[in-house]
Every structure is written in structure tokens, then in C-alpha cells.
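Engineer: I would like the atomic coordinates for the input below:
(chains A, B and C)
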Amino acid sequence: MSGLFGDWDGSAADARRVQQRLAAEVMLRDDAPEAPRWLGGFDVGFEDAGAITRAAAVLLAADTLQPVATEVVRVPTSMPYVPGLLSFRELPALVAALERLPHTPDLVFVDGHGIAHPRRLGIAAHFGVVTGLPSIGVAKNVLCGRHDPLGALAGEHVPLLHRGEQIGWALRSKVRCNPLLVSPGHRVSMQGALDAVLRTLRGYRLPEPTRLADRLASRRD
DNA sequence: GCGACAG
DNA sequence: ATCTTGTCGC
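Structural biologist: Numbers count the residues shown, from 1 in each chain, chains lettered A, B, ... in the order given. Sure thing, here's the model as predicted:
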């Protein structure tokens, strides 16, 4: 593949065309050959009033969920945030951080949506397609679609629907916290995405991979 | 035409 | 996303 965005000409209209083309390559089946050994957590933050994009990558052992390596990459911010085009702004930094990890993750969790996107190519799905890695999107807010009211207990979940199809799940990951929006990115099924997030929750609203990356990207750690 | 709109 | 301490509620 020629780069993260193919032959994108830089315009918003063309970015949407590129998304439609890449969305056709998304694979929504669990085809992981074996039990994942390494998990990856990815998120982006900003410095200098947005002038610098700060990408964080965390590698965790799948069995213990303990971090074994972290990477932070800082690059000049290339474009403003445009709803629906988040990956064009954040993906380059995230992939750079991925390439610096000592091991390639077997399954990746990205802060943002997977296929729960107008053209079914949120940043987690885009990340998966260009890297070829199984990926899952974990977002804190809805971009498109809607869902029924959610129960108050941790673990309760309902489908996130858009144009008559399920694009993800609204998940109460922790009591008294707003639900998470979970959606498959690439090489993961709808059920597989939910199961993977449930398995990596450890008492916080965010699953460990994304929670640790979040702390690094937002300067807190 | 009028809102909504990941991070 | 980010600017930012204490504070209300469970």
C-alpha cells in the first residue's frame, strides 16, 4: 500500500473517497490464529495549544495486562480536527509509535471508533487496515448512530445502531460512569470486540490498553 | 434547511 | 483534544 492514505490529494472530499475505498478492506471476523499474547493500547494528546501531536503506544502482556513497553512520539500537528476525518489527523503519529514498540501487538485497542463511523472507517478500523493488525475502537462519545437506554450495572451493553445495522456497542464499563462505545476495527467480530474489552477491564471506565495510553498521551503520567 | 459531530 | 481546583455526590 502506498502510505496510510493511498493517493489522497489533501482535500476533505478526497479523504472521504479514500475512506470508502479502505472501508471495503475491513474484515469483520475473528481470524486471530492463536490466543493473543501481546495487546497494544493507543491514544493521542496535544501540546502547545494543539501545535504538537503527541501519540502514545503501550504494549501489554495479554495474560497479566501489565505494561511491558511504552512509546511517546511528538510530531507537528498537520491538520485541524474534522468530525469523521480524525484518522487523517492522528493516524501518522500513532503508526510511528507502533513501529517503535519492541514487539508487534497481536490485538490493538485504539481510543476512537472502529466501524462506528459514517463511512465505517473510524480511526481504529483505519489503523487496522493499514497495519494489517486486528483492532478495536473504544470511544467515549457517539459519532453516529444511536442506542437504547443502558442498564446501570457494570458490564451491561446494548447495540449501537446506524442505518439499520449494528455498528458497535454501548457498554457500561463501570457503574456511575457514562457508557463506552465499542466497535470492531479490523479482523475482529462484533462479539469479539465486546468480549476483548470486557476481558481487559480492571475497575476503571477504560480498558487497560486504552487507559494506560490515555495517561501517557495526556501528559498525566 | 437545521442540527449533530470520535479527538 | 485543551484551558484548570475545588467540590458535590455516591
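Engineer: list the buried ones in stretch A:91-99?
Structural biologist: When neighbours are counted by 16 or more other CB atoms under 10 Å, the buried residues of stretch A:91-99 are found to be A:91-98. Bear in mind the C-beta positions are built from the backbone N, C-alpha and C, glycine included.
Engineer: distance to A:Ser218 and pLDDT for those - can I get that in JSON lines?
Structural biologist: JSON lines is the format used below for the buried residues of stretch A:91-99 (distance: CB to CB, whole Å; pLDDT from 0 to 100):
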{"residue": "A:Leu91", "distance to A:Ser218": "18", "pLDDT": "98"}
{"residue": "A:Pro92", "distance to A:Ser218": "19", "pLDDT": "98"}
{"residue": "A:Ala93", "distance to A:Ser218": "14", "pLDDT": "98"}
{"residue": "A:Leu94", "distance to A:Ser218": "15", "pLDDT": "98"}
{"residue": "A:Val95", "distance to A:Ser218": "20", "pLDDT": "98"}
{"residue": "A:Ala96", "distance to A:Ser218": "18", "pLDDT": "98"}
{"residue": "A:Ala97", "distance to A:Ser218": "14", "pLDDT": "98"}
{"residue": "A:Leu98", "distance to A:Ser218": "19", "pLDDT": "98"}
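Engineer: and A:Gly137, helix, strand or coil?
Structural biologist: Under DSSP: H, G, I helix; E, B strand; the rest coil, A:Gly137 falls in the strand class.
Engineer: need the pLDDT of it.
Structural biologist: If you check A:Gly137, the pLDDT there is 98.
Engineer: and for it, the neighbour number?
Structural biologist: Applying other CB atoms under 10 Å, we find 35 residues neighbouring A:Gly137.
Engineer: name the residues linked to it by a beta bridge.
Structural biologist: Here A:Gly137 sits in beta bridges with A:Val110, A:Ser183, as judged by DSSP bridges.
Engineer: so it makes contact with A:Arg120?
Structural biologist: No - counting by CB atoms under 8 Å, A:Gly137 stays clear of A:Arg120, with 11.1 Å between them.
Engineer: which strands and helices sit next to the top helix by length along chain A?
Structural biologist: For chain A, the longest helix by residue count, based on DSSP state H, is helix A:86-99. On a contact count with 3 or more CB pairs under 8 Å, 6 or more residues apart in numbering; DSSP states H and E, helix A:86-99 meets strand A:38-47, strand A:52-61, strand A:67-76, helix A:123-131.
Engineer: quick one, that helix and strand A:135-139 angle?
Structural biologist: Angle between the axes of helix A:86-99 and strand A:135-139 is 120 degrees (criterion: axes from the mean of the first three to the mean of the last three CA atoms, to 10 degrees).
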